[in-house]
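Student: Output the structure for:
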Amino acid sequence: MASHDFTSTRLFLRTRIVAGSTCSLERSQANYLVNVLRLSDSAEIVVFNGQDGEWRATLRGGGRRMWSLEFGEQLRPQPPAPDLHYLFAPLKQARQDYMVQKAVEMGAGRLRPVLTQHGQVGRVNLERMESNAIEAAEQCGILNLPTIDEPVRLASVLEAWSDREADRRLIFCDEGEETADPLATLRAVEPAPLAVLIGPEGGFSAEERAFLRTRPFVTALPLGPRILRADTAAVAALALVQAALGDWRDAAPGPH
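Tutor: Numbering: from 1, shown residues only. Here you go, the predicted structure:
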């Protein structure tokens, strides 16, 4: 079984993939491959659909004919979906695009927009979020796409947490946390399913912070001595959590 192929074009498909079968390309996909990338008949690419692993595929068509893909060998089997949830206050468009892409790259398996008292954005374009998640997966060799939730008020999420997600610990990035050592905080967290919460540009309200800090499933996490933008805080927090408690630690090589 081949390792990651970062030299070939990768394309996400919304169809099942079976060796030896073919699928017609959507017009936008054909335009991207043929007119943007200048690929021609018999060119090989890599495809995935979030369910069947990663496959080699051959481009078929030309001229006025419909372009299609013929599926060859499987390159990688489908891995288990990541179980890290990422909760965030929606941001303005460009910065949210960046944040979604980075969250997918960092291994978030579920994206959960939450509406907060100081949030500056009240509506979320879920289709745009999905497009950014797909782009990140295509570029970074990721085989799973995250689940993307409808926005929910933070208070409602927290009130229902104990009933619906009692075993999942919520890492709450708190700019007001007294200690400045995030790794020490994470080392004290018991192994469990995890979620990370990043607030809005204006920070959490005093009421939200007080409520979060009294919940038994919440751990307050400092992010060092500097004030970070929400999209920067997302990358920092997810990196810390993955390194201390997540799959970065699991992937570390053992002693030789």
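
Student: Go ahead and confirm Gly20 touches Phe71.
Tutor: Yes - taking C-beta atoms under 8 Å as the definition, Gly20 is a contact partner of Phe71 at 6.6 Å. (Glycine included, C-beta is placed from N, CA and C.)

Student: Show me the shaky parts of the protein.
Tutor: 1-3, 62-65, 176-179, 250-256 (pLDDT under 70).

Student: try 50
Tutor: Residue ranges of the chain with pLDDT under 50: 1-2, 252-256.

Student: Please enumerate the helices of it.
Tutor: 27-31, 93-105, 126-140, 154-164, 182-187, 206-214, 230-244, 247-250 (DSSP state H).

Student: For the fifth one, name the packing helices and strands.
Tutor: Helices and strands in packing contact with helix 182-187 are listed as strand 218-221, helix 230-244; criterion 3 or more C-beta pairs under 8 Å, 6 or more residues apart in numbering; DSSP states H and E.

Student: And the last one, by the same measure?
Tutor: Counting by 3+ C-beta pairs under 8 Å, 6+ apart, the packing neighbours recorded for helix 247-250 are helix 230-244.

Student: Got the domain ranges for this structure?
Tutor: Domain ranges of the chain: 10-76, 84-250, per automatic domain parsing.

Student: Figure out the length between the terminal residues of the shortest one.
Tutor: Read it as domain 10-76. 13 Å (C-alpha to C-alpha, to the nearest Å).

Student: that older thread, can you redo the helices and strands packed on helix 182-187 as JSON lines with distance to Ala160?
Tutor: Output for those, formatted as JSON lines (distance: least, C-beta to C-beta, whole Å):
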{"stretch": "strand 218-221", "distance to Ala160": "14"}
{"stretch": "helix 230-244", "distance to Ala160": "22"}
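
Student: want to throw those into TSV with distance to Asn31 and mean neighbour count?
Tutor: Below are the helices and strands packed on helix 182-187 laid out as TSV (distance: least, C-beta to C-beta, whole Å; neighbours: other C-beta atoms under 10 Å):
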stretch	distance to Asn31	mean neighbour count
strand 218-221	44	20
helix 230-244	30	20
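
Student: closest to Glu54 out of those?
Tutor: When these are compared by C-beta to C-beta, helix 230-244 sits nearest Glu54, at 21.9 Å.

Student: quick check: angle from the closest one to helix 93-105?
Tutor: In terms of direction (axes from the mean of the first three to the mean of the last three C-alpha atoms, to 10 degrees), helix 230-244 departs from helix 93-105 by 10 degrees.
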